[in-house]
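Trainee: Please work out how this folds:
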Amino acid sequence: MLNTCIKCKKYSVDKQISEDGEFAICPFCGHKQQIKRMPLFIISGPSGAGKSTTSSQLFLKEKDYIVLDSDILWSDEFNEPETNYIRFRELWLRLCKNISQIGKPVVLCGCAVPEQFENCIERRYFSDIYYLAVVCEDDVLEKRLREHRNIKDEAYIKDCVSFNRWLKANADNISPKMQLLDNSRLTIEEAAKLAEEWIYKYI
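Mentor: Sure thing, here's the model as predicted:
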């Protein structure tokens, strides 16, 4: 709804945000629409590391934030690695900005890296985006994929391990930085507690 001007009724994604962050300004008629510019929290990580399990626990605890899983909107039409999946990221930012108008930030779980969100037009509607990468030791990740999820595809396992290694090596060197959560030896409750402590640092 925020992309349609309530005065001239024209649609625009790239509205200017006022310096105080309280208004989205229509590029067609100049109308200032009041907005709540909330932070957004992204929980990422390779398959098998525990990001979805951790987010599921947060979902049960949520009261000051709203937890969503990006997989619920995934379809093959968004499988565009050549664009860095920008249509899918824009879609989710658009949804999250509208949900956050109730005054609560969104915690979004999904396999992603900061540049995929930071380069989006819809990024301007958030005060900050914070990134948490759930990772684990390589052998632990492989065991979970093979034994707990019964994955047989060796190429898929290799890709997951590669992403896991990339996150651990680069989380502190990219912009914005990603906070690492090593889930190798944690219980579900312990991982969720650490993730929630991370969220409450910024809300």
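
Trainee: which ones are touching the most centrally placed residue in the chain?
Mentor: In the chain, the C-alpha nearest the mean C-alpha coordinate belongs to Ile42, at 2.9 Å (C-alpha atoms, centre = their mean). Applying C-beta atoms under 8 Å, 6 or more residues apart in numbering to Ile42 gives the contacts 108, 110, 112, 114, 117, 129-132. C-beta: built from backbone N, CA, C; applies to glycine.

Trainee: what's in contact with whichever helix in the chain runs longest?
Mentor: Across the chain, the longest stretch assigned as helix under DSSP state H is helix 154-170. With contact meaning C-beta under 8 Å, 6+ apart, helix 154-170 is reached by 44-49, 111, 133, 135-136, 138, 141-142, 145-146, 151, 178, 180.

Trainee: still on that earlier bit, can you tell me which of the contacts of Ile42 are in strands?
Mentor: 108, 129-132 (DSSP state E).

Trainee: Mind giving me the PyMOL select for the residues you listed, buried ones only?
Mentor: Only the buried entries of those go into this PyMOL selection, using 16 or more other C-beta atoms under 10 Å:
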select buried, resi 108+129+130+131+132
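
Trainee: now the contacts of helix 154-170: which count as buried?
Mentor: 44-49, 111, 133, 135-136, 141-142, 145, 151, 178, 180.

Trainee: what two of those have the greatest distance between them?
Mentor: Distances among those were taken as C-beta to C-beta; the most separated pair is Ile151 and Met178, at 24.5 Å.

Trainee: Got the phi and psi for Ser70?
Mentor: Torsion angles at Ser70 (phi, psi; degrees, to the nearest 10) stand at phi -60, psi -20.

Trainee: returning to that earlier point: for the contacts of Ile42, which two are the farthest from each other?
Mentor: The widest separation within the contacts of Ile42 (C-beta to C-beta) is 14.2 Å, between Gly110 and Tyr130.

Trainee: related to what we said a few turns ago, in a strand, that's where the residue nearest to the centre of the chain is, yeah?
Mentor: Yes: counting by DSSP: H, G, I helix; E, B strand; the rest coil, Ile42 falls inside a strand.
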